[in-house]
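In: structure, please.
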Amino acid sequence: MSHSNISVFIPHMGCPHTCSFCNQRTISHTSAAPSPEQVGEMLKNACDGLPQGDAEIAFFGGSFTAIDRDYMTGLLEAASPFVKDGRVGGIRISTRPDCIDGDVLHVLKKYGVTAIELGAQSMDDEVLEANERGHTSEDVRKASRFIREYGFELGLQMMTGLYMSSPEKDIGTARELIALKPDTVRIYPVVILKNTRLGELFEMGEYKPYPFEIAAEICADMLEMFEQEGIRVIKLGLHASETVEADMLGGYYHPAFREICEGLLFRREIEKKMTEGNSFTDVKKFTVCVAPDAVSRAAGHKRSNKEYFRSKGIEIKIKPDEKLSGRGIIVKKDE
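Out: As a prediction, the model looks like this:
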């Protein structure tokens, strides 16, 4: 199935808690809930011209299974025909771990929902409580098992750099999510927004996020961890948004955050290849071969990797190699 989405935002509805970091109006760019009729028309327009089954419908923005049941089923009734006639490959929804039970999973299955994403955010109960999530890490585990038992694709969402968290706790959350064997993961480094509890704590000096460079290193670590387990990271960093940029007070927002993290992984691998076996002692010029679609990532965001090695007195040239894929690299002495 293609990983493209036809996104339908359901603004802050159904959520029983306002989390410390949440300003849903800013995140979803809207404050008005669409009617089922509006959703049906939007989906019809969005599907026009798309190859059959090339996308999935994604209901995001609120806790989908916690909204009014009649409204939820109305939205699903509007979306379901597009699944039944094959115009889309399925329906993806996001919700809270404490808003999953057998009854709602039965309804979701009936209307063609194929994937459920849970906003876990952290697997540290102290962090969850400090950020007013209103659920526990055990709720995440139970909901994940339940979703699996009903045959849905499982997605998990986590946040890094939350109030009362630490790099060690963030990595611990990633390890616990891996143990739940999700199909997909989204990693959201914290963005501190106006009109949130986290924003207040930040402005009072009670919350001090760790430096951006540390956050990027942690997220690069987690990206590698998930990929090594065959878990797709379908989002890394908050999507680019003028609204978010206008409302943010601090945190780890960058429109190319994933590119930065992938560049760090390439840098580490290049450095490893340069030093292993002492085969390149005193060599100052290298050619780095990578997959054709990885040339810019290997160079680093704004060529940061080239600058990094230059600062160490080393020059690198990056060349495409059709035989390579992913983050595979070959490092050789520059002739």
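In: tell me which stretches of the stretch 201-335 of the chain form helices.
Out: Secondary structure of the stretch 201-335 of the chain, counting by DSSP state H, counting those that start in this stretch: helices at 212-228, 242-247, 257-275, 295-299, 304-311.
In: please read the previous query as pertaining to the stretch 1-150 of the chain.
Out: Using DSSP H, counting those that start in this stretch, helices in the stretch 1-150 of the chain cover 24-28, 36-47, 69-84, 102-110, 125-130, 137-149.
In: who touches the third one?
Out: Spelled out, that is helix 69-84. Residues from elsewhere that reach helix 69-84 (C-beta atoms under 8 Å, 6 or more residues apart in numbering): 8, 10, 13, 33, 35-37, 39-40, 43, 47, 57, 59, 64-65, 88-91, 107-108, 111-114. Every residue, glycine included, has its C-beta placed from N, CA and C.
In: give me the neighbour count for the closest residue to residue 175 other than its chain neighbours.
Out: Distances taken as C-beta to C-beta, 6 or more residues apart in numbering put residue 225 closest to residue 175, at 7.4 Å, once the chain neighbours are dropped. For residue 225, the neighbour count with other C-beta atoms under 10 Å is 17.
In: swap in residue 295?
Out: Neighbour number of residue 295 under other C-beta under 10 Å is 15.
In: I'd say it and residue 320 touch.
Out: Yes: the criterion here is C-beta atoms under 8 Å, and residue 295 meets it with residue 320 at 5.5 Å.
In: distance to residue 176, mean pLDDT and mean neighbour count for the helices of the stretch 1-150 of the chain - can I get that in JSON lines?
Out: Formatted as JSON lines, the helices of the stretch 1-150 of the chain follow (distance: least, C-beta to C-beta, whole Å; pLDDT from 0 to 100; neighbours: other C-beta atoms under 10 Å):
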{"stretch": "helix 24-28", "distance to residue 176": "25", "mean pLDDT": "52", "mean neighbour count": "19"}
{"stretch": "helix 36-47", "distance to residue 176": "35", "mean pLDDT": "93", "mean neighbour count": "16"}
{"stretch": "helix 69-84", "distance to residue 176": "29", "mean pLDDT": "95", "mean neighbour count": "18"}
{"stretch": "helix 102-110", "distance to residue 176": "22", "mean pLDDT": "96", "mean neighbour count": "15"}
{"stretch": "helix 125-130", "distance to residue 176": "11", "mean pLDDT": "96", "mean neighbour count": "17"}
{"stretch": "helix 137-149", "distance to residue 176": "7", "mean pLDDT": "97", "mean neighbour count": "18"}
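In: for residue 245, find the nearest of the ones you listed.
Out: helix 24-28 (10.0 Å; C-beta to C-beta).
In: residue 283 is nearest to which of the helices of the stretch 1-150 of the chain?
Out: helix 125-130 (45.2 Å).
In: for that closest one, the distance to its chain's centre please.
Out: Centroid separation for helix 125-130 versus its chain: 21 Å, with C-alpha atoms, centre = their mean, to the nearest Å.
In: just checking, what packs against that helix?
Out: If you count contacts as 3 or more C-beta pairs under 8 Å, 6 or more residues apart in numbering; DSSP states H and E, helix 125-130 packs onto no helix or strand.
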